[in-house]
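# Build me a structure from this.
(2 chains)
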Amino acid sequence: MDVILFLIFAAIAVVCGVNVVVQSHPISSAISLIGVMGSLAVLYLLLGAEFLAAAQVIVYAGAIMVLFVFVIMLLNAGAEIRHGRALLAQVLGIPLLFTFLGLMLYFVQHMFPGTADVHFGGFTHGTALDVGRALFTQYLLPFEVVSVLILIAILGAVVLAQREMD
Amino acid sequence: MTGVPLSWYLILSAVLFTLGVAGFLLRRNVITVFMSIELMLNAVNLSFITFSYQLKQVNGHIFSFFVMVVAAAEAAVGLAIILTVFKNRSTLNIDDVSSMKN
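Purely as a prediction, here's the structure:
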C-alpha cells in the first residue's frame, strides 16, 4: 500500500515538475507547480510529517501560489519568446545537468543502499504538538528572528511595489 | 509489511531539484525562473523530512518550516521586484534586463 501510494504521488510530482519546465506559458507552469506541491504534501504525510503537510498545502499551494498567479494575471504575461541566445546554455547545460543528477543518484545509492524502510506510522512525532514544542523551546530564538525577517519582507514588498522610479 | 526504501524519497528529491535547476538555467521568463527556485526549495524540504524520519527526530521538520517561511518572504519581495521591473521596462524576459552586464 505504501509503495503504491508513493509511486502514484512521486509520478505525479515528477510529471508536474517536468511540466513546470517545459510549458511556455507561465500560468501552465504555476498550475503544474501546485500539482507538485500537493503531491509532496501527501508524501510528507507518508513520512509522518502531518503538521508540515498541512502547512505545505496552506502556505505553499495556498498563499505563495496565489501570489504567483495574481502577479501573472496582473502583468498579463504571455507565452515566452525564445531568442535562441541561450544556445551555449542548452548545449553545455543539459549534459552537465544529467551529470549532476547521476552524481547525486550515485551518492544516494552508496550512502543509503536500501536498508531502511519507510512505512506509514513509523514516525509519529511530527504532529503540531511536537513541532510546536521544539519550535518554542529549543528553536525559540530562530523563530523570533524569522518573525522580524517576515516583517522586513512585508515592508520591503510594500515599498518596492508602490515606488515610482523615473 | 513492506515499506518504501528510504533512498527512493532521496532520489525523488534529487530529480525534482535537477528539474528546478534546469528550469532556472533554461527558461527566459522571470516568473518561471522564480517558480523553478520554489521547486528547488520544495525538493530540499522533502530531503529534510526524509532524514528527519530516518533519524527519528523532529529537527528536520523545524528546518523545513523555516525554509517555508523564508520562501514566503522571498516570494513577496521577489514578486514586488518583478512588478517594479515590469513597470519600468515593460518586459518579463531576463535577457532584456541586462543593464548591469556592461
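# When you work out contacts or count neighbours from here on, use the C-alpha atoms and nothing else.
Fine.
# Sketch out the helices for chain A, chain order is fine.
All helices of chain A, identified by DSSP state H, fall at A:2-22, A:26-46, A:50-55, A:65-75, A:87-111, A:128-136, A:140-162.
# which residues does the most centrally placed residue in chain A contact?
In chain A, the centroid-proximal residue (Cα atoms, centre = their mean) is residue A:37; its distance is 6.0 Å. Residue A:37 sits next to A:13, A:56-57, A:60-61, B:42 when contact means Cα atoms under 8 Å, 6 or more residues apart in numbering or on different chains.
# For residue A:138, grab the count of nearby residues.
11 (other Cα atoms under 10 Å in any protein chain shown).
# so how many other residues sit close to residue 11?
Let's take chain A. Residue A:11: 15 neighbours (other Cα under 10 Å).
# Please refer instead to chain B.
Per other Cα under 10 Å, the neighbour tally for residue B:11 reads 19.
# follow-up on the earlier one: least reliable of the helices of chain A by average pLDDT, please.
When those are ranked by mean pLDDT, helix A:87-111 comes last with a mean of 86.
# circling back to that earlier point, from the contacts of residue A:37, list just the buried residues.
For the contacts of residue A:37, a burial check counting by 16 or more other Cα atoms under 10 Å in any protein chain shown picks out A:13, A:56-57, A:60-61, B:42.
# most tightly surrounded among the helices of chain A?
Mean neighbour count (mean count of other Cα atoms under 10 Å in any protein chain shown) peaks for helix A:26-46 among these, with a mean of 23.
# which residues does residue 69 contact?
Going with chain A. A:27, A:30.
# That was the other one, I meant chain B.
Contact partners of residue B:69, counting by Cα under 8 Å, 6+ apart, are A:146, A:150.
# For residue B:19, see how far away it is.
According to Cα to Cα, to the nearest Å, residue B:69 stands 22 Å off from residue B:19.
# ok, longest helix in chain B?
helix B:59-89.
# buried ones in that one?
Within helix B:59-89, the residues scored as buried using 16+ other Cα under 10 Å are B:59-85.
# and if you look at stretch B:5-25?
Residues of stretch B:5-25 classed as buried under the neighbour-count rule (16+ other Cα under 10 Å) are B:5-25.
# cool, and stretch A:112-124?
Residues of stretch A:112-124 classed as buried: A:117-120, A:123 (neighbour count, 16+ other Cα under 10 Å).
# now for it, what's the gap between its first and last residues?
Terminal-residue distance, stretch A:112-124 (Cα to Cα): 22 Å.
# Same question for stretch A:105-122.
Across stretch A:105-122, the terminal residues are separated by 25 Å (Cα to Cα).
# now swap in stretch A:108-118 and tell me
15 Å.
# Any chance you could list what contacts it?
By Cα under 8 Å, 6+ apart, stretch A:108-118 touches A:47, B:2-7, B:10-11, B:53-54.
# Just give me the least confident of the residues you listed.
residue B:2 (74).
# For residue B:20, see how far away that one is.
31 Å.
# likewise residue A:59?
20 Å.
# now residue B:9
As judged by Cα to Cα, residue B:9 and residue B:20 stand 17 Å apart.
# domains of chain A?
Domain segmentation of chain A under automatic domain parsing yields A:1-78, A:127-166.
# Hmm, residue A:38 and residue A:61 touching each other?
Yes. When contacts are counted by Cα atoms under 8 Å, residue A:61 is listed as touching residue A:38 (6.9 Å).
# I appreciate the help and will end here.
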